[in-house]
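*Asks:* sharing a sequence plus its predicted fold:
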Amino acid sequence: MLLPTEEARRAAGFLERKMGGWEAFPPQAAVVLGSGLAEACPPMESFVEVPFSEIPGWPASSVPGHRGSIRLGSFGGKGVWVQFGRLHYYEGHDMTTVTLAVQVMHLVGVRRVLLTNAAGGLNPLYVQGSIMLVRDHINLMGENPLRGVRDPSGRPVFLDLSDLYRRETADRLVQESAARGIELHEGVLVAMAGPTYETPAELRFLRVVGGDAVSMSLVPEAIVAHYLGMEVTGISVITNVWDLRRPLPLSHAEVLEAASSASRLLRELISAWLEISP
Ligand code: HPA
């Protein structure tokens, strides 16, 4: 299998026709807003919003708290793609579908992507509403989005991930957030397949192996975006903190509510990221 897929090419062609070409605002940067984070959308001067359901071959989002659309327009005179919601592995999609959006971004010219999500805090320093810059990840989804993918010469993809979450950009974002007085934690994100939340024993395990936060998304898209040559940044909003000695029950509704209340700070950080020139 080659990436981008034919499906991604068809979706990219559709978006290009819908926008009447990319001359006005060719999207250079993309932001993916995860569960409950729609309010963190940066202020755009003008945009066209396209629901996933309009795009040929693009499954609708089935998760409450995920709007399922893409805003194509401009921010500070630059073309941007802002995506509300994503497709998850736990919804039953295969990894090619989970990473469809980043493949399409690549095809329409996006060079930098900021992936956000909601995550559970494992690091005892985190509180509900903390924001964590993803410095690295541990992929425990039991799947890799590049499995079965061949490079154009037919070889499997042995991709270097030593600087997946581009250090230079991450360092600049840390400086920007300090300048704006926003507390930004830096940590390791663990990705689980979901849709169950973790058992108490799993939570202790994830902390022991080096996780600062745990989620069910972001990592597959980060890997494929990196493979396609995009600069990747990851930000997790800590929607719940786990007491590792005695984890309390957690619901999706609580996750959404906490995500929404952290959106204002996240919006500032997203604007700062968009202003960092490539
Ligand atoms: N675990 C997994 N995914 C999550 C969590 C969690 O605690 N919180 C938000 N997404």
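*Replies:* Perfect, thanks for sending it.

*Asks:* residue 105 belongs to a helix?
*Replies:* Yes - judged by DSSP: H, G, I helix; E, B strand; the rest coil, residue 105 forms part of a helix.

*Asks:* check contacts around it.
*Replies:* Counting by CB atoms under 8 Å, 6 or more residues apart in numbering, residue 105 makes contact with 27, 30, 81, 113, 225, 230. C-beta here means a position set from N, CA and C on the backbone, and glycine is covered the same way.

*Asks:* give me the pLDDT value at it.
*Replies:* Per-residue confidence (pLDDT) for residue 105: 98.

*Asks:* do the one 4 residues further on as well
*Replies:* Reading off the confidence values, residue 109 has pLDDT 96.

*Asks:* what does the protein have sitting close to the ligand?
*Replies:* Within the chain, the positions near the ligand by CB under 6 Å from any ligand atom are 118-120, 192, 197-198, 214-216, 239-240, 250, 255.

*Asks:* residue 138: neighbouring residues, count only.
*Replies:* Counted with other CB atoms under 10 Å, residues neighbouring residue 138 total 16.

*Asks:* residue 215 contacts residue 195, correct?
*Replies:* No - in this structure residue 215 lies outside contact range of residue 195 using CB atoms under 8 Å: 11.9 Å.

*Asks:* quick one: contacts for residue 234?
*Replies:* 114-117, 133-134, 137, 165, 189, 218, 222.

*Asks:* can we see that at 10 Å?
*Replies:* Residue 234 sits next to 32, 113-117, 119, 132-137, 164-166, 170, 189, 215, 218-219, 221-222 when contact means CB atoms under 10 Å, 6 or more residues apart in numbering.

*Asks:* swap in residue 170?
*Replies:* Shown in contact with residue 170 (CB under 10 Å, 6+ apart): 133-135, 163, 184, 186, 232-235.

*Asks:* switch to 6 Å and redo it
*Replies:* Counting by CB atoms under 6 Å, 6 or more residues apart in numbering, residue 170 touches residue 133.

*Asks:* so it sits in a helix?
*Replies:* Yes - checked against three-state DSSP, residue 170 lies within a helix.

*Asks:* if I look at it, how far off is the ligand?
*Replies:* 21 Å (CB to the nearest ligand atom, to the nearest Å).

*Asks:* retrieve the pLDDT associated with that residue.
*Replies:* 97.

*Asks:* contacts for stretch 72-83?
*Replies:* Identification of contacts with stretch 72-83 by CB under 6 Å, 6+ apart yields 25-32, 41-42, 44-48, 70-71, 105, 110, 274.

*Asks:* so the residue of the chain found nearest the ligand, which state does it fall into?
*Replies:* Using CB to the nearest ligand atom, the point where the chain gets nearest to the ligand is residue 120, with a distance of 2.1 Å. Following three-state DSSP, we place residue 120 in the strand state.

*Asks:* who touches it in this structure?
*Replies:* Residue 120 is in contact with 214, 240, 242, counting by CB under 6 Å, 6+ apart.

*Asks:* at 10 Å instead, please
*Replies:* By CB under 10 Å, 6+ apart, the residues touching residue 120 are 126, 190, 192, 197-198, 203, 206, 211, 213-216, 236, 238-242, 247, 250, 255.

*Asks:* and it, how close does it get to residue 259?
*Replies:* 12 Å (CB to CB, to the nearest Å).

*Asks:* follow-up on the earlier one: now, which of the contacts of residue 234 lie within helices?
*Replies:* Among those, the ones falling in helices (DSSP state H) are 170, 219, 221-222.

*Asks:* and the residue nearest the centre of this protein?
*Replies:* In the chain, the centroid-proximal residue (CA atoms, centre = their mean) is residue 115; its distance is 2.6 Å.

*Asks:* what segments of the protein are strands?
*Replies:* 27-33, 46-51, 69-75, 78-84, 112-121, 131-140, 185-192, 213-215, 231-241 (DSSP state E).

*Asks:* the third one: which residues count as buried?
*Replies:* Residues of strand 69-75 classed as buried by neighbour count (16 or more other CB atoms under 10 Å): 69-73, 75.

*Asks:* buried subset of the contacts of residue 120?
*Replies:* With neighbours counted by 16+ other CB under 10 Å, these contain buried members at 126, 190, 192, 197-198, 203, 206, 211, 213-216, 236, 238-242, 247, 255.
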